[in-house]
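A.B. asks: can you look at this prediction? I've put the sequence above it.
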Amino acid sequence: MKRRFIVTLPAYLGLASVLHAAPGDVDLTFDAGSRVNGTVYSVATQADGKVIIGGSFTTVRGAARNRIARLNADGTVDDTFHPGKGAGAPGSGNPDVHSVAVQSDGKVLVGGYFTVINGTSRNGVARLNADGSLDEMFNPSTGPDDLVNAVAVQPDGKVLAGGILFTINGTSRYYMTRLNTDGSLDSTFNPGTKAVSGVGGVSGVAMQPDGKMLVAGYFTTIDGTSGNRIGRLNADGSLDIAFNPRSGADDAVLSVAVQPDGKVLAGGLFTTINGTNRNSIARLNADGSLDGTFDPAIEAKRFSGVHAVALQTGGNWMAANCRWKSRAGGGVASTGFVN
């Protein structure tokens with residue numbers, strides 16, 4: 001089966017092309033150009049092929065888009081999605097969007113370091129309508145007390161959030177929390193001090209169809225159990241010991257995505273995972289072991305890494321904010337592979 005992905009490069013290079021057909025061939029129907037004036041931290045795909053991006057940018061292809069935008073399937077800016085003033089935080093200088101997730105109804109969850117979105121107070125997490133306007137029905141009140149690195153939507157509409165947060169709405173929540181569909185705190189989910197080591201906390205979360213959740217980040221233990229930078233929690237927040245990543249990753253896992261067959265895509269800053277060379281991208285089996293059949297044979301330079309991975313319809317996938325070296329070596333190129 002073919003695997004297709006979008007590569008979004010560092011700020012000075014912008015967005016690269018979807019890779020399609022023979023290995024390394026560029027799909028010229030997708031052209032996001034080199035006109036994103038900041039870093040892309042997160043990508044999410046819609047069922048119709050459109051792509052939501054979040055990051056530190058303020059313009060995309062000349063259109064004003066403060067840290068969140070939607071692209072058409074060909075890479076052009078979707079003018080039907082307009083987030084108004086976008087994300088901001090007066091006086092902070094760092095109101096970036098670090099994570100985006102699309103609900104089944106087309107609404108968009110946004111996580112980051114902002115305190116204002118579309119001119120309305122929202123601390124770190126918000127929900128937008130399908131046209132980009134703020135969904136005022138989702139109100140997390142005072143919200144988290146620090147950076148939200150990752151958001152994910154459960155099948156029942158509840159929202160998982162992970163990051164460096166320690167409280168939300170005044171209630172202690174260490175690195176992870178779950179919100180109800182209206183943005184209020186879900187008191188039935190309390191992971192305690194699951195991710196207990198690592199300055200960056202939780203950087204990625206992904207839902208499985210059975211309600212279990214993948215958690216990735218900088219941590220080295222989960223609930224007192226060794227879990228180098230990746231693990232899986234049960235629906236109540238307890239550790240799922242059936243998922244064993246062995247030695248795990250040697251550096252941060254920044255993003256995870258679950259395939260329909262239960263395998264897990266991981267992107268980050270690592271160079272090895274489970275003791276095997278995998279530069280910034282790897283795939284794990286459903287039990288946490290390394291999938292040896294998946295070897296991209298490409299290198300994402302460590303100063304950039306891979307900050308986001310996302311599945312497209314049909315099993316294709318996307319990688320964000322990475323810098324690739326071609327298979328031949330030397331230089332930066334928007335090359336990759338089809339598997």
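C.D. replies: The structure has been received and is ready for your questions.
A.B. asks: can you get me a residue count around S280?
C.D. replies: Counted with other C-beta atoms under 10 Å, the neighbours of S280 add up to 29. All C-beta spots, glycine's among them, are computed from the backbone N, C-alpha and C.
A.B. asks: thinking it is in contact with L269, fair?
C.D. replies: Yes. Applying C-beta atoms under 8 Å, one finds S280 in contact with L269, separated by 6.7 Å.
A.B. asks: show me the shaky parts of this protein.
C.D. replies: Residues of the chain meeting the criterion pLDDT under 70: 1-34, 89-94, 192-200, 297-304, 312-339.
A.B. asks: can you tell me the closest non-neighbouring residue to V116?
C.D. replies: G88 (4.7 Å; C-beta to C-beta, 6 or more residues apart in numbering).
A.B. asks: show the residue spans covered by the strands in the stretch 1-150 of the chain.
C.D. replies: Along the stretch 1-150 of the chain, the segments classed as strands by DSSP state E, counting those that start in this stretch run 5-8, 15-19, 40-45, 51-55, 59-60, 63-64, 68-71, 87-88, 97-102, 108-112, 116-117, 120-121, 125-128, 148-153.
A.B. asks: no no, the stretch 201-339 of the chain
C.D. replies: So, for the stretch 201-339 of the chain - with DSSP E, counting those that start in this stretch - the strands run 202-207, 213-217, 221-222, 225-226, 230-233, 253-258, 264-268, 272-273, 276-277, 281-284, 299-300, 308-311, 317-320, 324-325.
A.B. asks: which one of those strands lies nearest to L128?
C.D. replies: strand 308-311 (17.4 Å; C-beta to C-beta).
A.B. asks: distance from stretch 226-233 to the middle of the chain?
C.D. replies: 17 Å (C-alpha atoms, centre = their mean, to the nearest Å).
A.B. asks: brain fart, stretch 229-246
C.D. replies: The mean C-alpha position of stretch 229-246 is separated from the chain mean by 19 Å, C-alpha atoms, centre = their mean.
A.B. asks: and it, which residues are buried?
C.D. replies: 229-233, 235, 237, 239-240, 243-246 (16 or more other C-beta atoms under 10 Å).
A.B. asks: and those residues, which two are the farthest apart?
C.D. replies: A235 and R246 (24.0 Å).
A.B. asks: TSV for the strands of the stretch 1-150 of the chain, including distance to V256 and mean neighbour count?
C.D. replies: Converted to TSV, the strands of the stretch 1-150 of the chain look like this (distance: least, C-beta to C-beta, whole Å; neighbours: other C-beta atoms under 10 Å):
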stretch	distance to V256	mean neighbour count
strand 5-8	15	27
strand 15-19	21	25
strand 40-45	12	26
strand 51-55	17	28
strand 59-60	26	21
strand 63-64	31	13
strand 68-71	21	26
strand 87-88	23	22
strand 97-102	12	26
strand 108-112	15	28
strand 116-117	25	24
strand 120-121	30	12
strand 125-128	19	27
strand 148-153	9	27
